[in-house]
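Trainee: pasting the sequence and the predicted coordinates here, then a few questions.
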Amino acid sequence: MEITKEDAVSPVVGVMLMLVVTIIIAAVVSGFAGGLAGGTKVAPSASIDVKFMKDDGGMGPAYVETKMVFEHLSGDSIPTKDLNIITYYTHPNGTSIKHTQTPSSDSSDLYGYGTFTRVPFLNDMSLGYSGNNPAKDFGNYTWKTGDILSSGSDIGTSAILGFDIADTDFKFKTGSVVDVKIIHVPSGKYILDREVVVP
C-alpha cells in the first residue's frame, strides 16, 4: 500500500492571512485619514438673522439712516475674530460690488464725533458707547445668543458694503437687494448666506 503526501496548507488559512493583511492596511489608512481630519476646524452652529433698518434715532424724518443689524438667535458662541462678513450688491446696470469686512478692516467715524468704531459693533451698553472703545469693535468680542450687532449709521453700513450708500450713483434704495454671507474663517464654512432687501 502506497501512502501519498499532500500539502497541509488549508485554503482557509490562506483566506485568513489575506483577511489579516486587509485589516492591517485598513487600520493604517484609517489612522492616516484620521490624523488629517484632526486638523480640520468645525464650523459653529448658530441661527443668525440679518436685516436693514431705517432709524432716525428719535430726531425726525430728516435724520433717517439705514443700519445693518445682525442678531444671534441661538446656537454656539462665536469669537468674531474668526469671522468675515462678505456682501454682494448688484447695481441696476449689472455691475456687482463685493466687499469683505474683516476683524482687521478700518474703523469708521460713525457719527462725525471723531470717535472710530470697526463695524458691526456689539450693541451692548454694559460695555459703554461705541467709538474709541475696542471692546465693542468687530473682531474683539465673542458673539453670543441674544447679542445684536449694528452698523450704527449710513457710514457704518457703507463700511460693511464697501460703497457710499448715500451716493445716488449707486442707486441703493428701498427694494435694493444685498447678498450677505458670514464665513467662519478657520473652517472655511458659511454660517449665514442670505439675500436681504432694503426696506
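Mentor: Everything's here; your move. None of these values were measured; they are calculated from a predicted model.
Trainee: for the rest of this, base every contact and every neighbour count on C-alpha atoms.
Mentor: OK.
Trainee: so who does I148 touch?
Mentor: 69-72, 122-124 (Cα atoms under 8 Å, 6 or more residues apart in numbering).
Trainee: ok so I160 is a helix residue?
Mentor: Yes: assessed with DSSP: H, G, I helix; E, B strand; the rest coil, I160 lies in a helix.
Trainee: can you pull the contacts of it?
Mentor: Here I160 is in contact with 85, 87, 99-101, 119-120, 151 (Cα under 8 Å, 6+ apart).
Trainee: any idea how far S130 is from it?
Mentor: 16 Å (Cα to Cα, to the nearest Å).
Trainee: run through the strands of this protein in chain order.
Mentor: 46-55, 65-75, 78-79, 83-90, 96-101, 121-122, 142-143, 148-150, 177-184, 189-197 (DSSP state E).
Trainee: and these as a markdown table, adding distance to T40 and mean pLDDT?
Mentor: Converted to a markdown table, the strands of the chain look like this (distance: least, Cα to Cα, whole Å; pLDDT from 0 to 100):
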| stretch | distance to T40 | mean pLDDT |
| --- | --- | --- |
| strand 46-55 | 19 | 96 |
| strand 65-75 | 20 | 97 |
| strand 78-79 | 17 | 98 |
| strand 83-90 | 16 | 97 |
| strand 96-101 | 23 | 97 |
| strand 121-122 | 29 | 98 |
| strand 142-143 | 21 | 98 |
| strand 148-150 | 28 | 98 |
| strand 177-184 | 12 | 98 |
| strand 189-197 | 11 | 97 |
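Trainee: closest one to K171 among these?
Mentor: Comparing the strands of the chain against K171 with Cα to Cα, the closest turns out to be strand 83-90 (9.9 Å).
Trainee: run through who's touching that closest one.
Mentor: Under the criterion Cα under 8 Å, 6+ apart, residues 96-103, 139, 160-161, 177-185 lie in contact with strand 83-90.
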